[in-house]
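Colleague: A structural model of the following input is requested.
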Amino acid sequence: MLRQRISRLQLAAIYLRALRNEIEVDIDGYKAVGARPEDFGFLPRLSGIWPRLKGAPRLSSSGARLLRGIWKLGLFIPFFIRQYLSLVRNAASSEPAAAGPSIHILLSALAPQLIANAQGTTATAFTVPWQRYPNGVPHSYRITIGDVLTRRDLLNCLLDAIAIARRIADRKGMFADWHLQTYTLFRWICVARALEKIQCNRMVMANHYDRWAILIDRLARQTGRSVAIAQHGIEAWRRLPTKLRSVDTLHVYNRQEAALFKQFILSPEAVEAVEVFFLDNSIRLAGAKAGNGPTRVVIVGHPEHDVNQLRFLHAARKARPDVQFIYKPHPTARSVNADIEAVTLVWDEPGVFPRCEFVFSYQSTLGLQYRDAGIPTFIHDRDMSDSQVNVAVGSIPEAVQPLRPTNA
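Modeller: Numbering: from 1, shown residues only. This next block holds a predicted model:
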């Protein structure tokens, strides 16, 4: 249990460390779509909305830069107040919540199933009201921010968020450029103050290195708790300025993924102490088995990889007009690229995935799951060469014709 409340200054320091990782991820996202941060006002999460921006790049660029300027001047204040008003209606009593030995922190759409797969559903689940859980939450006992934070707590969160955002706006260099990143600051502080009040010994998350992961990791260090991670998505090496220090347990898909966590996500001290467990990575497939129609190719989608996936589609449709292409969007994507949607069947059934004869995927959890299910899977690089496109197209199997009965 926490002995001393984390100060505003400490929270600000943790948030800035978390922002370093977020900025690195966003820089990679800009590179993936061939854009420059300065041309789009250092807009965060560009890859998620790029399909809608790229049609009018000049207008989008001007609008994004204008938004950044207004935000730094104080637009964040009414934005935070609006978020505060949405939470204050369900404020809690003043008593801290007791969650038991362990708490499962569900901060993403797929976190409930990922963590349940790793550690079951008997622990308390911590949910947030702004997150949609399309596959539900299997835990029998749940608490949310509204069960923990009082009206006074929420008001203090609002004041902390405004004060920290102002300080970041006044800074020079990287943080001032990326000030739009602070759009998550009020909710981030609410989660920090809620977890701070909850009595538990262990926190389990499905975050790897984003602002939430850094928050939980540093909070654990302040409170003497331990941290476990259930893997969410396939990793590829990237530069991360801020490492995790408090993680003592990893639930990952295989030894290669464990090695990547140790290589660039965990600090050296955490690497020495961490215990690794391997997850059941199976998936539920729906649809007819092979031999009952055309060859089916599933494209595991993500807005950051639209360019590569369109290159593959163009070449594959030309070489194999007999193939049916099924596009599985990323669960957090706000929209599907119109050019992809026009030539594929978009899969939107939650909890199950389309049966197929071939998969074309970026480095994703779903791509690995298809491969583990015995389905031929081509995992493409971020910078895919023309020769890789040709290899992928050439790997699509021919249609399997069903056996016809012979006359006796």
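
Colleague: identify the residues contacting the nearest residue to residue 184 once chain neighbours are set aside.
Modeller: Leaving aside its sequence neighbours, residue 184 sits nearest to residue 211 (Cβ to Cβ, 6 or more residues apart in numbering; 6.3 Å). (Each C-beta comes from the backbone N, C-alpha and C, glycine too.) Residue 211 makes contact with 15, 18-19, 21-22, 184, 188, according to Cβ atoms under 8 Å, 6 or more residues apart in numbering.

Colleague: tell me how far residue 376 lies from residue 309.
Modeller: 17 Å (Cβ to Cβ, to the nearest Å).

Colleague: higher neighbour count, these two?
Modeller: residue 309 (25 against 14; other Cβ atoms under 10 Å).

Colleague: does that one touch residue 340 like I think?
Modeller: Yes - with contact defined as Cβ atoms under 8 Å, residue 309 reaches residue 340; the gap is 6.4 Å.

Colleague: which neighbours do the two share?
Modeller: Common neighbours of residue 309 and residue 340 (Cβ under 8 Å, 6+ apart) are 299, 301.

Colleague: list the buried residues for stretch 12-23?
Modeller: Buried positions in stretch 12-23, judged by neighbour count with 16 or more other Cβ atoms under 10 Å: 12, 14-23.

Colleague: A strand includes residue 277, no?
Modeller: Yes - under DSSP: H, G, I helix; E, B strand; the rest coil, residue 277 sits within a strand.

Colleague: pLDDT wise, what is it at?
Modeller: pLDDT for residue 277: 95.

Colleague: checking the most centrally placed residue in the chain next. Helix, strand or coil?
Modeller: Central residue of the chain (Cα atoms, centre = their mean): residue 108, 6.7 Å from the mean position. With three-state DSSP as the basis, residue 108 sits in coil.

Colleague: the closest residue to it other than its chain neighbours: neighbour count?
Modeller: With sequence-adjacent residues excluded and distances taken as Cβ to Cβ, 6+ apart, residue 108 is closest to residue 206, at 6.1 Å. The tally of other residues near residue 206 (other Cβ under 10 Å) stands at 27.

Colleague: likewise residue 39?
Modeller: For residue 39, using other Cβ under 10 Å, the count is 16.

Colleague: host element of the nearest residue to residue 6 once chain neighbours are set aside?
Modeller: Spatial nearest neighbour of residue 6, excluding adjacent residues (Cβ to Cβ, 6+ apart): residue 222 at 5.9 Å. Applying DSSP states H and E as the criterion places residue 222 in helix 211-223.

Colleague: related to what we said a few turns ago, relative to residue 14, how far out is the residue nearest to residue 184?
Modeller: 9 Å.

Colleague: so how far is stretch 28-40 off the chain centroid?
Modeller: 19 Å (Cα atoms, centre = their mean, to the nearest Å).

Colleague: do the same with stretch 190-210
Modeller: Remark: stretch 190-210 is offset 17 Å from the chain centroid, using Cα atoms, centre = their mean.

Colleague: would you indicate which residues of it are buried?
Modeller: So for stretch 190-210, counting by 16+ other Cβ under 10 Å, buried means 190-198, 200, 202-209.

Colleague: restricted to strands, list those residues.
Modeller: Among the buried residues of stretch 190-210, DSSP state E puts 202-205 in strands.

Colleague: mean confidence for stretch 7-25?
Modeller: Per-residue scores along stretch 7-25 average to 94.

Colleague: what residues does the residue nearest to the centre of the chain make contact with?
Modeller: 131, 206-207, 232, 332.

Colleague: all strands of the chain, in order?
Modeller: Under DSSP E, the chain gives strands at 102-105, 124-127, 142-144, 202-205, 226-230, 247-252, 275-278, 285-286, 296-300, 324-328, 345-346, 353-354, 358-361, 377-379.
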